[in-house]
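**Q** I'll drop the sequence and a predicted model, then ask my questions.
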Amino acid sequence: MAEARLAVAFQFQVTDEGEIKVHLDRRILVDVYRSIRRVIRRKLFKSRNAAIQSVFPATGISWSIFFVIFGAMQILGETSDTVSAIQDKIPQFGRLDPVTRTILVTLVSTTLLWLVWSFFLRNLLKLLLTYKGWMWSPHGKLSFGVKAWMGICKVIIGRRPKLMSLQNCMPKLPVPSVSETMSRYLLTVRPFVSDEEFARLRNLAEEFQTGLGKRLQRYLWVKSWWSANYVSDWWEQYVYLRGRSPLMINSNYYCLDAIQFTPSHVRSARLANFITALMKFKNDIDRQTLAPRFAMGTAPLCCEQYPRTFSTTRIPQLVQDTIEHYVDSKHVALYSKGKWYVLNVIAGGRQLTPIELQKQIIWIEEASLTDVAAPGEADLSAMTSGERSKWASFRETFFSKGANKHSLNLIEQSLFVAILDDSEPGYDPENPDILNNYAKGMLCGDHIWYDKSFSVICFKNGKIGMNAEHAWADATIISHLAEECFNWDIELGYDSSGNCRGQPRDDTILSPPRRLRWDIPAEAVDQIAVARTVADTMKEDLDLHILKHDNYGKGFIKTCKVSPDAYIQIALQLAHFKNQGKFCLTYESSMTRLFRSGRTETVRSCTSESCAFVRAVLDKQPKEECKALLQSAVNRHTDLFRESMSGKGVDRHMFCLYIVSKYLGEESPFLQEVLSEPWRLSTSQTPYGQGTHTDLRKFPDRISAGGGFGPVADDGYGVSYIIAGEDNIFFHVSSKKASSHTNSRKFAADISEAMEDIRRLFQ
């Protein structure tokens, strides 16, 4: 790009008289200078951050202290054996005077012992972080030992660590013993199986534990020693990348805007500000100025997933997809009215301002009114929503060369995808279908590029939403990004007309956005049409309903002195029994990011204690008895959550044992049965408060509705919920219309009723 600009900057003309006239465009020279400066700065930032990470938690200040100490020792003649040994190794150069020699010895001694100090601190911190007993401390009543542990960790970590600084200090995920996992598994299935079935499962578990399980465990121990995390690479490979089912509904998930507040109803301005906020988040990741996440303000969470947030695409393959990350992306792939465009976010060696981006988006909006879409272009994204092997074969056949390959590469190598949607979603308490359709458009919209790490959808009325691919990272990363960017969007602000603030700069030549060109043959167009029909059928089958529970929220739950998450999970068990008349295997997602390369673990939320509570409520037992059973159920759920976060879950361990058995060619009837059990109730909480915190008491209309996902089982429910402030909880309930056993609207009503049943116990 720089060479091309130079060719335009320097132009000359030979007149008839033989005179040479040189035309020099200063603005393009400035653009070239900025481009070079940007590249150099990026490389310097990267090198600096790599150096800081390699010696963390040692710092430049500690090196200075060592230097002063060793310098004083040299001056006073108090030389240690180590310094003397170093001094003897330095050759006697003829012109090396004593002062220079003393400085050189001090520098070498300081650096070597500082590196040893760094190694000691890193391993001390790693050892301290293996302690997980703080999770069992009563809320607000930390023991002296826990406080001392927290204090030591904070001193070693320092005040402002970089985003990735703590990665080398994080402990590895421990491998539980087979006996522990078998015991925990049997406890989780006891509530919903008969005595005979439980006896059969117990015999299978004991047979596995004393037989094949021992051998598989030995191989798993070996893997845990040479890999950063014994689960995560296999989880990404076998659960996500080898999955052949469509990403739409089955894997991708969505995130909504604030439903009662829109900072600007001018679509081009809203998208421009939001892109600017996204680029700030990207720059913070690249420079590692984004603060790392901590639990309890002390225990760091693994941040390994953040660098793949932008410029990442899942590439379809016949057997196993791949994840590609592109480091030099400078553009957004933007869809409008059936056409694809390239919107440059960085031009002239600098990032465009919000008002400049808005003008570029307006250009696309106007151009898309008259541009004619190529055959198949409007519905090309439908290929990314379908079966993976078909998409891989189609891509190889029709998009491996020429204009199609070039345009496809520009989409896949973009920072992210943006879609201009002409609908106008919103929220109306009297018409819940408006919000339901908004969410449905986010989960399975017509023009989302499901392979991208995330896509941004901006609607005609200024509403925004996001759809994210799941293989590269978990929902906590996208929810953090969304929360920060929604807040930064508001901070950037708009003028009185709803447009972006400021004026375009006149020191950069901005080329109009480029239209992507396609040459799609008729055979491919037919396959695209089939893919659109399949996607429409899947979309029509999705039953999605959002419940805005505003009768009470976290504020009331805290007065009950129970965990809000556990409270909601018990309510979901009560609601599910009301809806189905039976208990089922329940999935709740928790994180293992307290360990290096950690992702998720399963909390099996249906327990004997929760079932006892549900039966007591439905049998109308006395309040005090029900409250005691609720407390027991909450305590049990909280312990399960803590165990899963500390590496003592059931499902990831058994999953890895199963993978080892496949590598060895061994068949395990027990593992096959366990891993084929359906999750008819799959749940997850969307975290809130990870970034810049919005005071929802001051701005109640800015509450986020969170996001959701599709059902895991064809005859089951998917439930995502977000605790939005003190008084609101949103439930996103999904199921399939084809199942006669499910109804999302009815289940949402059962959830609301269950929440009221539990509240009445405390009134």
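**A** Right, received. Where do you want to start?
**Q** H480 should be in a helix, yeah?
**A** Yes: judged by DSSP: H, G, I helix; E, B strand; the rest coil, H480 forms part of a helix.
**Q** Just give the nearest non-adjacent residue to it, would you?
**A** Leaving aside its sequence neighbours, H480 sits nearest to Q690 (Cβ to Cβ, 6 or more residues apart in numbering; 4.2 Å). Glycine gets a C-beta too; all of them are placed from N, C-alpha and C.
**Q** before we move on, what about F399?
**A** Closest to F399 by Cβ to Cβ, 6+ apart is L408, at 4.8 Å.
**Q** again with Y185
**A** Counting by Cβ to Cβ, 6+ apart, Y185 lies nearest to V650, which is 5.0 Å off, once chain neighbours are set aside.
**Q** any idea how far the one you found is from S183?
**A** 10 Å (Cβ to Cβ, to the nearest Å).
**Q** In terms of neighbours, single out the busier of these two.
**A** V650 (26 against 13; other Cβ atoms under 10 Å).
**Q** Can you get me a residue count around L115?
**A** 14.
**Q** Surely it and V55 touch.
**A** Yes: using Cβ atoms under 8 Å, L115 is in contact with V55, at 7.0 Å.
**Q** V266: how many residues sit nearby?
**A** Residues lying near V266 (other Cβ under 10 Å) number 21.
**Q** Show me what counts as buried in stretch 736-755.
**A** Of the residues in stretch 736-755, 736, 739, 742-752, 754-755 count as buried by neighbour count, 16 or more other Cβ atoms under 10 Å.
**Q** Over to stretch 496-510?
**A** Result for stretch 496-510 [16+ other Cβ under 10 Å]: buried residues G498, N499, C500, T508, L510.
**Q** can you redo those as CSV with distance to D371?
**A** As requested, these are exported to CSV (distance: Cβ to Cβ, whole Å):
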residue, distance to D371
G498, 26
N499, 24
C500, 24
T508, 25
L510, 19
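**Q** between the residues you listed, which is closest to M645?
**A** Nearest to M645 out of the buried residues of stretch 496-510 is C500 (Cβ to Cβ; 42.1 Å).
**Q** Distance of that closest one relative to D506?
**A** Counting by Cβ to Cβ, the separation of C500 from D506 is 17 Å.
**Q** now G441
**A** Plainly put, G441 is 39 Å away from D506 if you go by Cβ to Cβ.
**Q** contacting residues around S423?
**A** Neighbour list for S423: G441, F459, K460 [criterion: Cβ atoms under 8 Å, 6 or more residues apart in numbering].
**Q** Which of those fall in strands?
**A** Within these, residues falling in strands by DSSP state E are F459.
**Q** element containing F66, please.
**A** Using DSSP states H and E, F66 sits in helix 60-76.
**Q** before we move on, what about D284?
**A** Using DSSP H and E, D284 sits within helix 267-286.
**Q** Pull the number of nearby residues for F56.
**A** Neighbour count of F56, defined by other Cβ under 10 Å: 23.
**Q** for the nearest residue to it once chain neighbours are set aside, phi and psi?
**A** Excluding its sequence neighbours, the residue lying closest to F56 (Cβ to Cβ, 6+ apart) is S165, at 4.3 Å. According to degrees, to the nearest 10, the main-chain angles of S165 amount to phi -60, psi -40.
**Q** Would you write a PyMOL line that selects the buried entries of the contacts of S423?
**A** Selecting only the buried entries of those in PyMOL, with 16+ other Cβ under 10 Å as the criterion:
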select buried, resi 441+459
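**Q** and which of the contacts of S423 is nearest G598?
**A** Among the contacts of S423, G441 lies closest to G598 (Cβ to Cβ), at 32.5 Å.
**Q** list the contacts for the closest one?
**A** D421, S423, P425, I457, G465.
**Q** Quick check: the third one touching Y438?
**A** Yes: judged on Cβ under 8 Å, P425 makes contact with Y438 at a distance of 3.4 Å.
**Q** Am I right that M466 is in a strand?
**A** Yes: under three-state DSSP, M466 falls within a strand.
**Q** so what's it scoring on pLDDT?
**A** Listed pLDDT for M466 reads 97.
**Q** What ranges in the stretch 401-550 of the chain fall below the confidence cut-off?
**A** 507-509 (pLDDT under 70).
**Q** In it, mark out all the strands, start to finish.
**A** Taking DSSP state E, counting those that start in this stretch to define them, one finds strands in the stretch 401-550 of the chain at 417-421, 454-459, 464-468, 514-515, 542-549.
**Q** neighbouring strands for the shortest one, and are they parallel or not?
**A** It stands for strand 514-515. When pairs are called by DSSP bridges, strand 514-515 turns out to pair with strand 339-344 (antiparallel).
**Q** got the angle for the partner strand vs strand 417-421?
**A** 130 degrees (axes from the mean of the first three to the mean of the last three Cα atoms, to 10 degrees).
**Q** thinking C444 is in contact with T384, fair?
**A** No: using Cβ under 8 Å, C444 is not in contact with T384, being 11.7 Å away.
**Q** what sits in contact with each of the two?
**A** Overlap of the contact sets of C444 and T384 (by Cβ under 8 Å, 6+ apart) consists of M248.
**Q** which residues touch L204?
**A** L204 sits next to P669, F670, E673 when contact means Cβ under 8 Å, 6+ apart.
**Q** For the residues you listed, give me JSON lines that also has neighbour count.
**A** Compiled in JSON lines, the contacts of L204 are given as follows (neighbours: other Cβ atoms under 10 Å):
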{"residue": "P669", "neighbour count": "11"}
{"residue": "F670", "neighbour count": "23"}
{"residue": "E673", "neighbour count": "12"}
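**Q** And the residue nearest to V456 when sequence neighbours are not counted, how far from T384?
**A** Excluding its sequence neighbours, the residue lying closest to V456 (Cβ to Cβ, 6+ apart) is A418, at 4.8 Å. A418 sits 15 Å away from T384, taking Cβ to Cβ as the criterion.
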